[in-house]
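> Provided below for reference: sequence and predicted model.
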Amino acid sequence: VESPAKARTIAGFLGSDYTVLASMGHVRDLPAKGLSVDTDNAFAVEYEVHASKKQVIADLKKAMKGVDELLLATDEDREGEAISWHLLEVLKPTMPVKRMVFHEITQAAIAHAIEASRDVDHGLVDAQESRRIVDRLYGYPVSEVCWRKIRQGLSAGRVQSPSVRLVVERERERM
């Protein structure tokens with residue numbers, strides 16, 4: 001799961017047969033410096049594990065030793081799906097992996113999520129990654145202009161400015 005509070009609650013529902021740990025949100029992202037998106041190579045991205053998450057990764061890897069199955073239970077949105085995918089990429093599990101999805105933290109919902117587990121939805125992962133790439137390619141440069149012209153530290157938005165840029169480009173093509 002993503003948060004320690006959810007981990008504790010879900011662990012209480014599942015009992016001692018399960019170990020429930022938290023990733024504490026995203027475990028890796030694009031590096032803070034540079035674009036880290038290769039526009040000449042099908043927009044390939046370079047990820048790095050957050051320095052603050054190295055111990056979390058080490059703890060997760062240690063907990064995976066000797067387990068029969070890994071259940072990923074991050075949030076059900078595209079960010080949660082991406083977190084699950086990043087965990088798979090970093091942890092490289094050798095045991096079967098399933099993705100649990102639930103919309104409420106109740107004993108019945110958790111039991112149903114285990115029974116109805118699925119694979120990671122790569123469509124949702126691609127959606128999150130695409131949003132992140134567009135944010136990096138367009139949102140960061142627009143934010144830098146805002147810093148110079150308006151006020152230091154001002155953000156142009158994560159999705160809004162890339163979306164406006166795409167609409168403007170499309171309109172220019174149409175014209």
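In hand now; what should we look at? Residues are numbered from 1 along each chain as shown.
> could you export whatever helix or strand V164 lives in as CSV, CA atoms only?
With secondary structure defined by DSSP states H and E, V164 is part of helix 160-174. Output in CSV follows, covering the C-alpha atoms of helix 160-174 (Å, rounded to 0.1, in the frame of the first residue of the first chain):
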residue,chain,number,x,y,z
GLN,A,160,-2.8,22.7,-17.3
SER,A,161,0.1,24.3,-19.1
PRO,A,162,1.0,21.3,-21.2
SER,A,163,-2.7,20.9,-22.1
VAL,A,164,-2.9,24.6,-23.2
ARG,A,165,0.3,24.1,-25.2
LEU,A,166,-1.2,21.1,-27.0
VAL,A,167,-4.5,22.9,-27.7
VAL,A,168,-2.6,25.9,-29.1
GLU,A,169,-0.4,23.7,-31.3
ARG,A,170,-3.4,21.9,-32.6
GLU,A,171,-5.2,25.2,-33.3
ARG,A,172,-2.2,26.5,-35.2
GLU,A,173,-2.1,23.3,-37.3
ARG,A,174,-5.8,23.7,-38.0
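> avg pLDDT for that helix?
Mean pLDDT, helix 160-174: 80.
> what's the answer for stretch 82-96, then?
97.
> tell me what the helix or strand hosting L87 is packed against?
According to DSSP H and E, L87 maps onto helix 78-91. If you count contacts as 3 or more Cβ pairs under 8 Å, 6 or more residues apart in numbering; DSSP states H and E, helix 78-91 packs onto strand 28-29, helix 54-64, strand 70-72, strand 97-99, helix 122-134. For every residue, glycine as well, the C-beta is placed using N, CA and C.
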